[in-house]
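> need a structure here:
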Amino acid sequence: MTELEAVPGVGPAAAKRLRDVFVTTAEILSVQNPSELQAQTKLGEATVAKIIRNAREVSGKFGFKSGIELETQQAETPRLKFGIESLDKKLYGGMEVGSIIEIYGSARGGKTFLCHQLAVRCQLPYDRGGLEGRVLWLDTEGAFKTTHIRANAIRWGMDPDNVLGNISVAPIALSSQIEEYRDQVQLMLAEGEFKMLIVDSLTGLFRAEYTGIGNLALRQYSINNLLNWMRRLGLATDAVFIYTNQVTTKIPTGYGTANPSAPVGGHVVAHASDYRFFTRVGAQGKRKISLKDNSGVPEFDVEVEIGWGGLYGDKTEKKNTERLIFEKLGSLNSSDEKEGEGERTQKKVSKAKKESKTEPESPEEIETEVEKENTEEDLSAEVEVSKKKKTSKEATA
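Got it, this is the predicted structure:
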């Protein structure tokens, strides 16, 4: 990132005003809206136009380039990988930095699982398909789960505590809160440590708050404004923006079949993303991931397994990795008070696997096995107490 003072026309007084409104680098300045910046800083119209134009020249991100130059630049651009070989191969090595990634689908499709997986992989080195950066997470559905982060960290050979410490999560109750966090997010991304922003989900709150056809235009305007901000900030910082999107049933106006998985947001959301993925439940509990839109990659479908540690390319990989995660399940508890509980849970899961001679296929099945063991222990304890009482009465008699 380039200091503001390196931009011609930005003196100490102007730099202070810019920093007061969270414009801290030349790259951030280069993507600002002139009218908005003028209203925020109270600088003159001509001054604002001049320093923005100069910032674009200083950043080196704008201006005409030959196709050969762009080809070289794109080949050197870091890419974020899912860690699923079949998926990353079809994406030609992953998703470029600075991209906006949309993951939409119905409930249980694996959208939030993918977000957890990418939040962990973002922290990996570049040569392992990561971005060597921290993560910001705006949680509108209360779906962020530390256990899934820890399981993913174990899967990728990382320290779970360090991984969790590198993810900053903010609960969101109203869509207006996303607007309130914009300046803070911009500042944190500009500092360079944070390389990803996840919004799970983007459209849910807008659907709940802007109801009725009369509010549709305002809703679309608000969403478009937010997505445009992501686009400009991605260009300035090379951060990756990921958001999940809900679906709705689209009823045809004439003949035809209704589409039960039409993404919410219409054309505004459709045009905003660089990578648009559609996830849904497939046969035998698998998940299907389809790339629906990208300017450089043809559409494709990939079938994956879902479980502890995220999504997997095949069942064997999932089975082997989950075995490792189960072995370290006790270390998933972050506090000392939970260590004993984690060890007991690990023993119960191991016992359940031995007795059934099969491994649990999902987190839900693991919880069921543990609950079953707890119930059996409670019943055993009650039987023991009953026997002791009976023996005591006989001895007294």
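> Low-confidence ranges, the stretch 51-200 of the chain, go.
Judged by pLDDT under 70, the stretch 51-200 of the chain has no weakly predicted residues.
> That one: strands as residue ranges?
Per DSSP state E, counting those that start in this stretch, the stretch 51-200 of the chain carries strands over the ranges 79-80, 95-96, 100-105, 134-139, 167-171, 194-200.
> what angle separates the longest one from strand 167-171?
This means strand 194-200. 30 degrees (axes from the mean of the first three to the mean of the last three C-alpha atoms, to 10 degrees).
> Turn the strands of the stretch 51-200 of the chain into TSV, including distance to Leu329 and mean neighbour count.
From N, CA and C alone the C-beta is placed, and that goes for glycine too. TSV is the format used below for the strands of the stretch 51-200 of the chain (distance: least, C-beta to C-beta, whole Å; neighbours: other C-beta atoms under 10 Å):
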stretch	distance to Leu329	mean neighbour count
strand 79-80	28	24
strand 95-96	31	22
strand 100-105	27	24
strand 134-139	23	22
strand 167-171	20	16
strand 194-200	25	24
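> possible to save those as JSON lines with distance to Thr211?
Output for the strands of the stretch 51-200 of the chain, formatted as JSON lines (distance: least, C-beta to C-beta, whole Å):
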{"stretch": "strand 79-80", "distance to Thr211": "36"}
{"stretch": "strand 95-96", "distance to Thr211": "34"}
{"stretch": "strand 100-105", "distance to Thr211": "21"}
{"stretch": "strand 134-139", "distance to Thr211": "22"}
{"stretch": "strand 167-171", "distance to Thr211": "22"}
{"stretch": "strand 194-200", "distance to Thr211": "21"}
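> tell me the contacts of the spatially most central residue of the chain?
With distances taken as C-alpha atoms, centre = their mean, Cys115 lies nearest the centre of the chain, 3.2 Å away. The contact partners of Cys115, taken as C-beta atoms under 8 Å, 6 or more residues apart in numbering, are Ile103, Trp137, Ile198, Asp200, Ile242, Thr244.
> hey, what's the fourth one bridged with?
The one in question is Asp200. Asp139 (DSSP bridges).
> what's it in contact with, if anything?
Counted by C-beta under 8 Å, 6+ apart, Asp200 has contacts Lys111, Thr112, Cys115, Trp137, Leu138, Asp139, Thr140, Glu141, Ala143, Phe144, Tyr243, Thr244.
> now it: how far from Glu317?
Using C-beta to C-beta, to the nearest Å, Asp200 is found at 25 Å from Glu317.
> Then the fifth one?
Taking C-beta to C-beta as the criterion, Ile242 is separated from Glu317 by 23 Å.
> Among these two, which residue is more densely surrounded?
Ile242 (29 against 17; other C-beta atoms under 10 Å).
> Which of the three states applies to that one?
Under DSSP: H, G, I helix; E, B strand; the rest coil, the three-state class of Ile242 is strand.
> Roughly how far does it sit from Cys115?
Counting by C-beta to C-beta, the gap from Ile242 to Cys115 is 6 Å.
> what do the two both touch?
Ile103, Ile198.
> tell me the domain ranges of the protein?
Annotated domains of the chain cover 4-59, 80-315, 335-385 [automatic domain parsing].
> any chance of the ones you listed in TSV, with distance to Leu324 too?
Output for the domains of the chain, formatted as TSV (distance: least, C-beta to C-beta, whole Å):
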stretch	distance to Leu324
domain 4-59	41
domain 80-315	6
domain 335-385	12
